[in-house]
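Asks: Curious how this folds, go ahead:
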Amino acid sequence: MMNQHEISLIVGGDGQLGESIKSYLLNIHEPFIETTRRKNSITPTRLFLDLNENIDFWEPPKNVSVVYLCAALTSIEGCAIDPIKSELINVHNTLKIAKKCLENDIFVVFPSTNLVFDGTKPFQKFDDVPSPKTEYGRQKAETEKRLLTLGKKIVIVRFTKIISPHTSLINNWLDLLQNQKQINPFSDMVMAPIPNSLAADILYRLASNQLQGVFQLSGVDITYEKVAYHIADRIGVKHDLIKPIKTLESNIFIEYLPKNTTLDSSRIIELFNVKIPDPLSVVDETFKL
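Replies: Numbers count the residues shown, from 1 in each chain. Model prediction:
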């Protein structure tokens, strides 16, 4: 529990993970300030900050004890198409914010991704050498590396696929299937889903205990095809509405297709007695199926 005069800062409060952390802090009645790049939604506790701009002027608010660096360009395609713009956001300006916060004795929490690895083997360990194959993964790996040179009071948390009630792909599937329309899930792409509530809980616990270094939280790999069939069963629609395809048959940008996306979560399991959730249970509980 933080001192009553200290607050959390969520950089990127509009994103999926930022929203999840806000919900978590609201539930435990802890104060926070967030940043947004939407100028029409600024309030005294919702400050403007756009990592696509020059942020040399920026200073962290007073009484902040922990910062969650959630603002990022997470689109694989977006990072590949415009590596200069995405690197400004994901690397350079993220590091500027981290440095300013550390100068003000603020504990830094940096959410990262399994894509810092190439996925050639399952359950990559936290101290394995990064081997990214996407521009997004490369940028995250570079930011991790440089953050770890800035000193203590920094925790990096790599996640596999975070699923929330706002995850657009599954919401689109639900909408199409409920309207008796066909979907085309990938049969050769896997994800290791974890619920957004668990991700937020782990970030908060690591920050509260000021645990430093690199940690990982992973689900268990499952194909998108299997998730789609499971959803169909749950909502009572026929399997003939599902037409699985290979990634190469789609028009979707696929920069790299990892064979595995899982991470070794043993450090978090031992610290917090966390149980790695079954992937289909994550879908059921997140979408109330």
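Asks: what's the offset of whatever helix or strand Ser281 lives in from the middle of its chain?
Replies: Element membership for Ser281, per DSSP states H and E: helix 279-287. The chain centre lies 17 Å from the centre of helix 279-287; the measure is CA atoms, centre = their mean, to the nearest Å.
Asks: tally of neighbours for Glu103?
Replies: Look at Glu103: counted by other CB atoms under 10 Å, it has 11 neighbours. The way it works is simple: take the backbone N, C-alpha and C, and place the C-beta from them, glycine included.
Asks: Could you check how far it is from Lys96?
Replies: In this view, Glu103 and Lys96 are 11 Å apart by CB to CB, to the nearest Å.
Asks: And the contacts of the helix holding Ser281?
Replies: Contact with helix 279-287 is made by 163-165, 167, 170-171, 174, 191-196, 219-222, 226-227, 230-231, 234, 289, as judged by CB atoms under 8 Å, 6 or more residues apart in numbering.
Asks: Those in strands, which ones?
Replies: 163, 191, 194-195, 222 (DSSP state E).
Asks: Of these, which is the most crowded?
Replies: Taking other CB under 10 Å as the neighbour criterion, Ile163 ranks highest of the ones in strands among the contacts of helix 279-287 with 27 neighbours.
Asks: May I have the residues that are in contact with the nearest residue to that residue once chain neighbours are set aside?
Replies: Spatial nearest neighbour of Ile163, chain neighbours left out: Pro193 (4.5 Å); criterion: CB to CB, 6 or more residues apart in numbering. Neighbouring residues of Pro193 by CB under 8 Å, 6+ apart: 160-163, 219, 222, 277, 279, 282-283.
Asks: Helices along this protein, start to end?
Replies: Using DSSP state H, the helices of the chain run over 16-27, 76-81, 83-87, 94-103, 135-147, 168-178, 196-208, 224-235, 266-272, 279-287.
Asks: for the ones you listed, which one sits closest to Lys39?
Replies: helix 16-27 (17.1 Å; CB to CB).
Asks: Which strands and helices lie in contact with the closest one?
Replies: strand 7-11, strand 32-36, strand 162-163, helix 196-208 (3 or more CB pairs under 8 Å, 6 or more residues apart in numbering; DSSP states H and E).
Asks: how about 6 Å then?
Replies: Under the contact definition 3 or more CB pairs under 6 Å, 6 or more residues apart in numbering; DSSP states H and E, helix 16-27 sits against helix 196-208.
Asks: Make a PyMOL selection of the buried ones in the contacts of Pro193.
Replies: Remark: buried members of these, expressed as a PyMOL selection using 16 or more other CB atoms under 10 Å:
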select buried, resi 160+161+162+163+219+222+277+279+282+283
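Asks: Turn the contacts of Pro193 into CSV, columns for distance to Thr134 and pLDDT.
Replies: Output for the contacts of Pro193, formatted as CSV (distance: CB to CB, whole Å; pLDDT from 0 to 100):
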residue, distance to Thr134, pLDDT
Thr160, 15, 98
Lys161, 14, 97
Ile162, 17, 97
Ile163, 20, 96
Gly219, 19, 96
Ile222, 21, 98
Pro277, 25, 89
Pro279, 22, 97
Val282, 23, 97
Val283, 24, 97
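Asks: Let me know the closest of the contacts of Pro193 to Asp50.
Replies: Ile162 (23.2 Å).
Asks: if we look at the sheet, which residues does the closest one bridge to?
Replies: Ile194 (DSSP bridges).
Asks: just to revisit the earlier point, so which of the helices of the chain comes closest to Phe57?
Replies: That would be helix 94-103 among the helices of the chain, by CB to CB, at 10.4 Å.
Asks: tell me the mean pLDDT for that closest one?
Replies: The pLDDT scores in helix 94-103 average 97.
Asks: If you compare the directions of it and strand 32-36, what angle comes out?
Replies: Counting by axes from the mean of the first three to the mean of the last three CA atoms, to 10 degrees, helix 94-103 lies at 150 degrees to strand 32-36.
Asks: that older thread, looking at the contacts of Pro193, spot the one nearest Phe186.
Replies: When those are compared against Phe186 (criterion: CB to CB), the nearest one is Ile222, at 11.5 Å.
Asks: separation between that closest one and Ser187?
Replies: 12 Å.
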